[in-house]
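1. Model the structure of this input:
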Amino acid sequence: MKSTPALALLLVCFAHSAIAQQNIQLDEIQIDARSALPKETATGPIAGYDAHVSATGTKTATPLIETPQSVSVIGAREIRDLGAQSVVQATEYSSGVVSQYFGADTRNDWFLIRGFPGQVSGYYLDGLQLYSYGFATYRVEPFGLERLEILKGPASVLYGGSNTGGIINAVSKAPPDAFHGSIETGINTWGNKYTAFDVGGPVAPGPNNTLYYRLDALARGGGTQVDYIKDDRLFIAPSIAWRPDADTSVTVHGSYQKDRTNGQNFLPYVGTVIPSPAFGKIPTSLFTSDPQLDTFQRSQALIGSEAEHRFNETFTARQKVRYADLKIYYNTLQAIGLASDTSPLLNRGNFQTEPHSTQFALDNELEARFRTGPISHTTLLGLDYKRYTLVDIQGFGGASPLNLEAPVYFIAPTTKPGNYAQNYQVQNQVGLYAQEQAKLGGFTLVLSGRHDQLQTSLDNALNPANDRRSADAAWTGRAGLIYTTPQGLAPYVSYSTSFDPQLGTNTSTGQLLVPETGVLTEVGLKFQPIGQHITLNGALFDLTQNNVPTTDPTNINNQLQTGQENSKGFELEAQGNITPEISVLASYTGYRLRNTITNDAAALGKVPVNTPQNFGSLLLDYTFKSGPLSGFGAGAGPRYVGGSFAINDNSYGVPGYVLADLNVHYERGPWRAQVNVVNLTDKTYVASCQTLGACFYGDRRRALFSLAYRW
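-> As a prediction, this is how the structure comes out:
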């Protein structure tokens with residue numbers, strides 16, 4: 001919290017500078033560089049770092065300064081400049097989001113939004129959910145993205161069941177109107193190399209062409225900071241678009257991704273956060289599984305389409321549809337704690353899972369834009385459907401302990417673990433939603449409502465007597481009001497509700513879990529100074545989540561859905577250019593997250609585990625625009641993540657940390673060379689602990705060198 005005044009002062013200085021420049025240079029606005037670029041669309045490229053239009057918050061192309069909810073947008077250029085090789089790496093300078101809170105995990109994208117885990121139901125691609133349950137988890141390759149959009153707070157009113165804290169919507173690159181081509185290659189500290197290319201444009205030359213294509217592909221392979229853990233990926237994403245006229249477009253797109261990596265180290269609190277009296281600190285490079293057995297394999301395939309037709313000046317219809325297939329094979333010797341705090345022996349178990357999930361998603365929208373006197377309206381009606389299936393097989397068996405002082409490998413168990421879970425789960429969700437955006441002068445009122453019907457089934461192959469069926473229904477809504485001044489200031493207020501369907505059962509009763517629900521109250525201020533290329537946002541929020549699983553006081557191995565968590569805090573964020581040469585990414589978030597209702601008396605009023613409550617970042621970049629150093633630039637800045645707790649009663653803490661990042665880049669003609677260094681001082685730190693036996697080291701110093709050529 002000590003950094004809050006400093007960042008607030010920084011944001012005020014940016015705003016003052018921007019207003020001053022606006023007053024002096026009003027005559028130059030018409031010849032600004034941005035005016036020469038194509039008009040920004042809700043899903044297209046962003047000129048620089050500051051986006052102005054998005055569809056994630058309203059499902060209509062709406063200026064962010066007229067959207068009464070906090071939305072952060074990260075464009076492809078920002079992803080490139082950060083050297084991000086995962087979605088969560090790209091969000092590390094955004095407010096409200098804690099990324100990689102499970103440390104340097106190559107398996108999954110872990111993120112918290114306003115204190116609530118979002119990777120299960122808060123991960124979206126092109127506006128359609130990528131639901132990830134248990135170990136059946138999707139990952140999105142950032143090289144194939146045009147932008148990342150973070151909607152903070154409930155999104156259920158438009159998207160159905162989703163995370164209370166918010167969603168991350170990844171927007172894919174689309175076939176361009178003009179030819180584009182680029183190729184790049186790179187290598188990092190751990191010898192992990194990649195090559196990628198992106199080509200697209202008209203299928204045939206000439207003014208009468210109506211077909212356009214794009215092909216993105218990436219291959220990556222090599223080591224990581226942990227011995228025996230690799231991080232290999234093959235990604236390919238073709239798309240083709242038919243645009244017969246200015247009012248009609250149909251795009252068919254697909255992707256295939258194959259990941260080959262290994263399990264995550266589950267390390268004890270003693271030996272990571274604090275030294276062990278027996279062996280000190282565990283090296284960050286130590287592998288706690290066995291290379292003879294350990295593997296994490298993901299194969300995911302997606303195919304879908306997006307269609308839009310504008311009938312006239314009033315009505316536009318849109319449809320999105322996608323089918324996704326995901327297969328995981330994961331086998332690891334999972335650490336389950338030290339034999340004792342003074343022993344170097346780490347107990348392990350042989351864990352294996354083979355989930356297979358499918359998802360079908362369909363979203364139909366009808367938009368009407370019209371006026372009634374002085375009021376302009378954007379009205380949206382929608383009907384969507386989601387079907388999720390999961391074959392979930394999990395097994396566990398014995399394994400020998402690992403001596404942390406003298407590890408011996410290639411002695412993995414040869415017998416397959418026995419299954420303790422073998423379930424087939426299906427969830428169907430149908431939602432009908434409506435939204436009205438009414439604009440009068442500088443005021444924009446947004447009213448949204450939705451009704452969902454949900455059906456869930458579970459077939460237990462190991463014990464058919466525990467087969468279950470359930471049906472649920474939910475109403476969600478949002479009301480927001482924002483006022484945009486001619487100077488680009490926009491105060492707003494918003495209220496919204498959410499619901500989030502759950503899979504799984506109460507292990508004591510065998511009954512299916514009911515949806516979590518949530519409610520948000522938010523006030524904020526947005527500022528996009530006229531004629532400048534910087535966006536500043538601030539928000540105060542009060543967010544409550546209900547039906548949170550809590551420990552059953554009569555059976556510690558069971559959970560009951562009687563809990564409630566509340567997150568109350570603020571966010572500050574700045575993105576853009578202070579001058580043509582200086583760009584900035586700055587954010588600070590602070591909130592008070594507490595268990596407000598729980599069956600665990602020791603956890604009442606406490607902070608949920610592995611959840612930092614304060615974090616911030618600042619990255620300043622200077623790029624020479626003229627002279628002998630034209631094209632050369634460098635950026636640097638700190639990232640701060642506050643402390644968290646390892647157990648529910650908060651008696652064991654995990655210290656916060658400050659990291660420094662650096663990037664150096666040079667661009668000349670079609671060539672660009674870039675070096676990104678994460679954790680410049682090579683600080684060893686623990687990102688978080690889920691329990692006293694499950695702590696996770698964060699990224700050590702990692703340098704990535706890349707070279708790109710475009711044509």
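2. can you tell me the helix or strand for the residue most central in space within the chain?
-> With distances taken as CA atoms, centre = their mean, the residue of the chain nearest its centroid is residue 168 (4.4 Å). Using DSSP states H and E, residue 168 maps to strand 166-172.
3. For that strand, buried residues please.
-> In terms of neighbour count (16 or more other CB atoms under 10 Å), strand 166-172 has its buried residues at 166-172. Yep, even glycine has a C-beta here, placed from its N, CA and C like the rest.
4. Residues in contact with it: which ones?
-> Strand 166-172 has contacts (CB atoms under 8 Å, 6 or more residues apart in numbering) with 43, 56, 87, 91, 96-97, 111, 113-114, 116, 118, 122-127, 140, 142, 144-155, 159, 237, 239, 253, 255.
5. Need the per-residue pLDDT for residue 672.
-> Per-residue pLDDT puts residue 672 at 98.
6. Compute the distance between the closest residue in space to it that isn't next to it in sequence and residue 677, please.
-> Closest residue to residue 672 apart from its sequence neighbours, by CB to CB, 6 or more residues apart in numbering: residue 708 at 4.6 Å. In this view, residue 708 and residue 677 are 18 Å apart by CB to CB, to the nearest Å.
7. what are the bridge partners for the residue nearest to the centre of the chain, then?
-> residue 123, residue 150 (DSSP bridges).
8. ok, residue 526 - how many residues close by?
-> Residues within reach of residue 526, counting by other CB atoms under 10 Å, total 25.
9. again but with residue 222, I slipped
-> 14.
10. so what's the residue nearest to it when sequence neighbours are not counted up against?
-> The shortest distance from residue 222 to any non-neighbouring residue, by CB to CB, 6+ apart, is to residue 192 (3.2 Å). Residues in contact with residue 192 (CB under 8 Å, 6+ apart) are 220-224, 231.
11. List the buried residues in the helix or strand containing residue 239.
-> Per DSSP H and E: residue 239 is located in strand 231-245. Within strand 231-245, the residues that count as buried by 16+ other CB under 10 Å are 231-241, 243.
12. hmm, who's touching it?
-> Taking CB under 8 Å, 6+ apart as the rule, strand 231-245 contacts 106, 141, 143-144, 172-175, 192, 200, 203, 210-224, 248-261.
13. Looking at the contacts of residue 192, which are in helices?
-> Assigned to helices by DSSP state H, none of the contacts of residue 192 qualify.
14. Using JSON lines, lay out the residues you listed together with pLDDT.
-> Below are the contacts of residue 192 laid out as JSON lines (pLDDT from 0 to 100):
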{"residue": "220", "pLDDT": "98"}
{"residue": "221", "pLDDT": "97"}
{"residue": "222", "pLDDT": "97"}
{"residue": "223", "pLDDT": "97"}
{"residue": "224", "pLDDT": "97"}
{"residue": "231", "pLDDT": "97"}
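15. re the thing from before, list the ones among the contacts of strand 166-172 that fall in helices.
-> 87, 159.
16. Can you show me the strands along the stretch 201-350 of the chain?
-> 211-221, 231-245, 248-261, 295-310, 315-338, 345-353 (DSSP state E, counting those that start in this stretch).
17. Same list, those, but as CSV with distance to residue 608 please.
-> Output for these, formatted as CSV (distance: least, CB to CB, whole Å):
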stretch, distance to residue 608
strand 211-221, 34
strand 231-245, 29
strand 248-261, 28
strand 295-310, 26
strand 315-338, 21
strand 345-353, 24
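18. What residues are bridge-paired with residue 572?
-> Beta-bridge partners, per DSSP bridges, of residue 572: residue 538, residue 588.
19. what's the spacing between it and residue 587?
-> From residue 572 to residue 587 the distance is 6 Å (CB to CB).
20. In terms of neighbours, single out the busier of the two.
-> More crowded of residue 572 and residue 587, by other CB under 10 Å: residue 587, with 25 against 21.
21. what comes up buried for stretch 640-660?
-> With burial defined by 16+ other CB under 10 Å, the residues of stretch 640-660 counted as buried are 640-642, 644-648, 650, 652, 654, 657, 659-660.
22. Equivalent analysis for stretch 471-489, please.
-> The neighbour-count check on stretch 471-489 (16+ other CB under 10 Å) flags 472, 474, 476-478, 480-482, 484, 488-489 as buried.
23. what is the rounded mean pLDDT of that stretch?
-> Computed over stretch 471-489, the average pLDDT equals 97.
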